[in-house]
Structures are given as structure tokens and as C-alpha cells.
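Novice: okay, structure incoming, though there's no sequence with it:
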């Protein structure tokens with residue numbers, strides 16, 4: 001699962017609207033255009049965003065620590081909330097890195113990405129809904 005935040009140059013902090021694309025050895029296995037997370041505004045007027053989760057292949061030809069799943073996460077505009085600059089974060093994951101996100105049979109943690117939030121501290125979000133604890 002992937003979740004992202006976006007920090008504007010002025011310091012505003014938002015849950016992010018984003019797309020994800022996965023590939024293995026240059027072959028796209030999930031298209032970014034089809035995989036955009038759900039966003040909205042709750043009854044209190046707070047913005048929220050959901051993570052994007054995928055079942056990824058466990059390919060035996062790759063070692064447990066070999067990064068073989070490549071991802072590209074693109075920040076998207078969120079109408080009425082912010083104009084995203086189209087920033088991209090990319091990287092790779094190994095089987096061990098993916099499996100490290102599983103916490104018991106019914107709990108999956110996510111890769112938490114931050115667009116433009118370098119040098120800032122993300123406030124605690126114990127229920128992983130993209131809304132800091134103090135605002136839940």
C-alpha cells in the first residue's frame with residue numbers, strides 16, 4: 001500500500017491525491033491512469049485521502065533482498081484543494097521490503113511518501129487515514 005502527503009511551498013500540509021504505476025524489468029504490471037486514490041472532504045470539512053493497495057507478484061527468480069518491483073508515484077491536482085505540480089517519486093522494492101509492511105493477518109502498513117515535505121515532521125496519524133490525530 002502507498003499513502004502520500006503534499007506540502008505546498010507555503011507550508012500547507014495535505015493528504016495527497018496521486019497515481020501509482022508498478023513495473024518489473026521494464027514491463028508495466030499496473031497502469032498509473034487506472035490507479036488513483038480516493039479523496040474527499042469529511043463532514044467536518046477536513047480533506048482525506050485513501051491509500052492505494054495492490055497485490056504484488058512474488059516471483060521466485062528474485063532474491064528476498066533484491067529490489068525488483070519498480071514504482072512511480074505521481075502527485076495529481078486535487079480540484080478545489082491544491083494544484084499539484086506533477087512531481088514524481090520513484091523507487092524499487094524487494095520482497096522483504098514489501099513483507100515488512102504486513103503486521104499480522106489483518107493489518108497492512110503502507111509506504112508513506114511525502115511530496116515537498118522535506119525537513120518537516122508528519123504529525124502522528126494512528127488510524128492511518130491521512131488526518132493527524134489532533135484533527136480526528
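Specialist: Nice, I can see it. Predicted model only: the values in this text are computed from it and were never measured.
Novice: measure stretch 80-95 end to end?
Specialist: Length of stretch 80-95, first residue to last, Cα to Cα, to the nearest Å: 38 Å.
Novice: check stretch 43-60 too.
Specialist: 46 Å.
Novice: ok, residues contacting that stretch?
Specialist: 1-4, 14-18, 20, 22, 24, 29-30, 35-42, 68-69, 78, 81, 93, 95, 98, 108, 110, 128-131, 135 (Cβ atoms under 8 Å, 6 or more residues apart in numbering). Placement of C-beta: from N, CA and C, glycine included.
Novice: for that stretch, the averaged confidence score.
Specialist: Stretch 43-60 shows an average pLDDT of 87 in the prediction.
Novice: how distant is it from the center of its chain?
Specialist: 7 Å (Cα atoms, centre = their mean, to the nearest Å).
Novice: could you do stretch 64-71 as well?
Specialist: The answer for stretch 64-71 is 17 Å, by Cα atoms, centre = their mean.
Novice: buried subset of the contacts of stretch 43-60?
Specialist: 1-4, 14-18, 20, 22, 30, 35, 37, 39, 68-69, 78, 81, 93, 95, 98, 129-131 (16 or more other Cβ atoms under 10 Å).
Novice: which residues of the chain fall in helices?
Specialist: Assigned by DSSP state H, the chain shows helices spanning 95-99.
Novice: got any ranges where it has weak pLDDT?
Specialist: Within the chain, the segments meeting pLDDT under 70 span 32-35, 119-136.
Novice: one more pass at 90, please.
Specialist: 1-2, 8-13, 30-38, 45, 52-59, 84-86, 95, 98-111, 117-136 (pLDDT under 90).
Novice: so which residues of it form strands?
Specialist: Remark: strands assigned in the chain by DSSP state E are 2-7, 13-15, 18-24, 27-30, 39-41, 47-49, 69-75, 88-93, 111-115.
Novice: which residues sit against the third one?
Specialist: When contacts are defined by Cβ under 8 Å, 6+ apart, strand 18-24 is touched by residues 2, 4, 28-33, 35-37, 52, 54, 56-57, 59, 68-76, 113, 115.
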